[in-house]
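Chemist: this one's structure only:
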């Protein structure tokens, strides 16, 4: 048993080395395939993070009238916070709003004069609301409108809701996000399938060149396991080496890309790569080994039939 | 030892027959030559013995074992009882002469000590000690065939099946190969060989089975090559 395993392992390594050209070709093709898979993973990550940073820039603002009683504002705020679609609510009190106004226009004398002339704080409190998904703004806006109508019947509390003004850009963003997510998913699936099929075919071709040998081994009385073993081991070795090579190729590219993606997408791909290195290692090397193992097993099985 | 019982092999829709109701037997330690034109069914006959091909009807027995009832998983064990030699040598191109012979023993589950002892012996028997570490493409046709014979005998099989072993060889190499096969037979191994070579048959003076169009037309105890 042990001798058998040792012989299979040795035959695998010797075969790998003596068929260096075939091994090299398989490794090259698989490296390209795994590189494509790896690159797709990074592009996907870039898309996800830039979409979520875009999403976080979208919000609905509720402007209260300056005279609105604080307890009514609190009540509305609590009601908004309890909505399931709401991700975050930022409250800006009258005083904070004034302070922010002063900070922003401190170099603008006319604005400051106008403020001083009024003598009192003309600004109302505001609430900024972020939804979990851009598509949920519609519901939140509808809820706010109901609040406004209810309050308008007595003394008006809500002055303005800026959803109507933002509606168009929110809708556009929603549809862009949908389209991008669908397109990137499709592209990823197509690339993955192509990469797997190409690697599969290369290994099959590599074993096709050995089909006569497989026949001879059978005639000499070698058991199927004994014939299959070295080929399976070689498939695994192709996958392992290709996975590591693909990571090696990705590394300098990401070193170069990192600062640039940070600038444009607020995500440094290189840091992301280093932070999640074990994940990328396991995924790429794992996919490589799986493809190598499965394709060599299937390919040899073809020539093992009597 | 080998017994063919009314064996037929039909190809296609049954109109062409490679073997036609063939019945004969081979005793232990015999040296049997099978002769006939191309397409007479010689190779099909040998393929039946090594379970490479199945008969359309009839049975082939190895001792009391019906060869074509052996389950696929047990075939390797059965094939280890038979050493095979082919016209095109069928050596593993990626292995040296030594490794080709050692592979047959490894496949047989023999120990490293046995391999280290028996492979040089087999190489010595075919007079190739000095070419042990050459790859097949570095050997002449006769040398390749001698490696193939060494591989066939190294597991001490009960039978050697040789399909046109001299078909690709020049007269001197042919002579050497036949002498080696004779020596193996003298040491007690049954040899079944197909051939086209009149000189080989006449030189041997052993049993000759003549085939024509899938039938046995002649079976002489110490035959001459007659077609």
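Modeler: Yes, it's here. What you see is a predicted model, and the numbers here were worked out from it, not measured in a lab.
Chemist: all contacts plus neighbour counts: C-alpha atoms, from now on.
Modeler: Will do.
Chemist: So which residues on chain B come close to chain A?
Modeler: Proximity of chain B to chain A is confined to B:50, B:52, B:72-73, B:75-80, B:83-84, B:90-94, B:104, B:106-109, B:111, B:152 under the rule C-alpha under 8 Å from any C-alpha of the partner chain.
Chemist: Can you say which of those are buried?
Modeler: B:50, B:75-80, B:83-84, B:90-92, B:94, B:104, B:106-109, B:152 (16 or more other C-alpha atoms under 10 Å in any protein chain shown).
Chemist: picking up where we left off before, of the residues of chain B next to chain A, which belong to strands?
Modeler: B:83-84 (DSSP state E).
Chemist: show me where chain A has strands.
Modeler: According to DSSP E, the strands that chain A contains are A:60-64, A:86-92, A:126-131, A:158-161.
Chemist: Tabulate those strands (CSV), appending mean pLDDT and mean neighbour count.
Modeler: Output for those, formatted as CSV (pLDDT from 0 to 100; neighbours: other C-alpha atoms under 10 Å in any protein chain shown):
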stretch, mean pLDDT, mean neighbour count
strand A:60-64, 80, 22
strand A:86-92, 80, 16
strand A:126-131, 80, 22
strand A:158-161, 75, 20
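Chemist: now those as a markdown table including distance to chain B?
Modeler: Formatted as a markdown table, those follow (distance: least, C-alpha to the nearest C-alpha, whole Å):
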| stretch | distance to chain B |
| --- | --- |
| strand A:60-64 | 72 |
| strand A:86-92 | 63 |
| strand A:126-131 | 64 |
| strand A:158-161 | 78 |
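Chemist: In JSON lines, list these along with distance to residue B:58.
Modeler: Formatted as JSON lines, the strands of chain A follow (distance: least, C-alpha to C-alpha, whole Å):
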{"stretch": "strand A:60-64", "distance to residue B:58": "88"}
{"stretch": "strand A:86-92", "distance to residue B:58": "81"}
{"stretch": "strand A:126-131", "distance to residue B:58": "81"}
{"stretch": "strand A:158-161", "distance to residue B:58": "94"}
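Chemist: what about the residue lying closest to residue B:190 once chain neighbours are set aside, which SS state?
Modeler: If the residues on either side of it in the chain are set aside, residue B:190 comes closest to residue B:29, at 4.2 Å by C-alpha to C-alpha, 6 or more residues apart in numbering or on different chains. Following DSSP: H, G, I helix; E, B strand; the rest coil, residue B:29 is assigned to coil.
Chemist: Geometric centre of chain B: which residue is closest?
Modeler: Centroid-nearest residue in chain B: residue B:161, 1.7 Å away (criterion: C-alpha atoms, centre = their mean).
Chemist: now for the host helix or strand of that one, which elements pack on it?
Modeler: For residue B:161, the host element (DSSP states H and E) is strand B:159-163. Applying 3 or more C-alpha pairs under 8 Å, 6 or more residues apart in numbering or on different chains; DSSP states H and E, one finds that strand B:159-163 makes contact with helix B:42-49, strand B:82-86, strand B:190-195.
Chemist: So residue A:88 versus residue A:202, what's the distance?
Modeler: 52 Å (C-alpha to C-alpha, to the nearest Å).
Chemist: How many residues are close by residue A:181?
Modeler: If you count neighbours by other C-alpha atoms under 10 Å in any protein chain shown, residue A:181 ends up with 16.
Chemist: One more: residue A:226?
Modeler: Applying other C-alpha under 10 Å, we find 21 residues neighbouring residue A:226.
Chemist: what does residue B:61 give?
Modeler: Residue B:61: 18 neighbours (other C-alpha under 10 Å).
Chemist: where's the residue lying closest to it once chain neighbours are set aside relative to chain A, distance?
Modeler: Leaving aside its sequence neighbours, residue B:61 sits nearest to residue B:3 (C-alpha to C-alpha, 6+ apart; 5.0 Å). From residue B:3 across to chain A, the span is 21 Å (C-alpha to the nearest C-alpha, to the nearest Å).
Chemist: about what we covered before: roughly how far apart are the residue nearest to residue B:190 and chain A?
Modeler: With C-alpha to the nearest C-alpha as the criterion, residue B:29 and chain A are 21 Å apart.
Chemist: ok so the residue nearest to residue B:61 is a strand residue?
Modeler: Yes. The assignment for residue B:3 (three-state DSSP) places it in a strand.
Chemist: hmm, back to that, list the contacts for the residue nearest to residue B:190?
Modeler: Residues in contact with residue B:29 (C-alpha atoms under 8 Å, 6 or more residues apart in numbering or on different chains) are B:185-186, B:188-191.
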